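J.: make a model of this:
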Amino acid sequence: MFATLFSVTLFVALAIQGVFADFTIDTPSLTQCTSVPITWTESTSPYNLLVVAADDLCGEALVDLGQQTGLSYQWNTALAAGTAVVFFLEDSQGNEAWSGTMTVGASSDSSCLTSNTPTGSSHNPSTVSPVGTVPAAAAESTPTSTTYSPAGAANAGLGSSGALSIRPLSALTSVGSGLLALFALAM
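T.: Numbers count the residues shown, from 1 in each chain. Next comes the predicted model:
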């Protein structure tokens, strides 16, 4: 009986450790055409960094920031004001980290915008403007950041910084825990 309780406790502890991993990415405030540092916690490099639309997390990336080897990246926010986005970071082992939702704030600088600038999604469609123009209501607003609500088990981990993270259990850990549980139940 004690062996079964110990095995189940061990398996649950390993599963919780996998879900609440320390691989996270920060959620900075974004402003149109301004530089912003993006930082994350260490895992196994290289890291693949993407900017995705907040309302279509599984869709095409709005911006692919490429593979990174360090723990930060300085990005010029080449997105129109009002665009709602999320940072997605994946390490070389397939572990994922998600930022919270960020809405790009307005700026008088539109030098980074082109006719091909992605606009993604917006929580308030009336604040999305054609490239190069900023409506008066958006110009008076400040950048906003909202908490991202995970959908499904793939994004269910919360890191210490409030950013979402997930670290799947390794195959060896899963198989070993399963065999240990079967062994304990057989006793």
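J.: in the chain, which segments are predicted with low confidence?
T.: Along the chain, segments meeting pLDDT under 70 span 1-21, 119-175.
J.: please enumerate the strands of it.
T.: Applying DSSP state E to the chain gives strands spanning 35-39, 47-53, 61-68, 72-76, 84-90, 96-98, 101-103, 144-146, 157-158, 164-166.
J.: mind exporting the C-alpha coordinates of the second one to PDB?
T.: Right, the one you point to is strand 47-53. Output of strand 47-53 as PDB, limited to C-alpha atoms (Å, rounded to 0.1, in the frame of the first residue of the first chain):
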ATOM      1  CA  TYR A  47      15.300  29.200 -29.700                       C
ATOM      2  CA  ASN A  48      12.700  29.900 -32.400                       C
ATOM      3  CA  LEU A  49      10.900  33.200 -31.800                       C
ATOM      4  CA  LEU A  50       7.600  34.100 -33.500                       C
ATOM      5  CA  VAL A  51       5.000  36.800 -33.200                       C
ATOM      6  CA  VAL A  52       1.500  35.500 -33.700                       C
ATOM      7  CA  ALA A  53      -1.900  37.000 -33.900                       C
END
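J.: which strands and helices sit next to that strand?
T.: With contacts taken as 3 or more CB pairs under 8 Å, 6 or more residues apart in numbering; DSSP states H and E, strand 47-53 sits against strand 61-68, strand 84-90. C-beta: built from backbone N, CA, C; applies to glycine.
J.: in a markdown table: the ones you listed, plus distance to Glu42.
T.: Listed next are those as a markdown table, based on distance: least, CB to CB, whole Å:
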| stretch | distance to Glu42 |
| --- | --- |
| strand 61-68 | 12 |
| strand 84-90 | 12 |
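J.: just those: most buried one?
T.: Stretch with highest mean neighbour count among these: strand 84-90 (a mean of 23; mean count of other CB atoms under 10 Å).
J.: give me the contacts around it.
T.: Applying CB atoms under 8 Å, 6 or more residues apart in numbering, the contact partners of strand 84-90 are 23, 25, 27, 30, 38, 40, 47-55, 57, 61-62, 79, 96-104, 120-123, 148.
J.: could you check the angle strand 61-68 makes with that strand?
T.: Inter-element angle recorded for strand 84-90 and strand 61-68: 30 degrees (by axes from the mean of the first three to the mean of the last three CA atoms, to 10 degrees).
J.: quick one, which of the strands of the chain gets closest to Ser111.
T.: Among the strands of the chain, the nearest to Ser111 by CB to CB is strand 72-76 (9.6 Å).
J.: can you pull the buried residues of that closest one?
T.: The neighbour-count check on strand 72-76 (16 or more other CB atoms under 10 Å) flags 73, 75 as buried.
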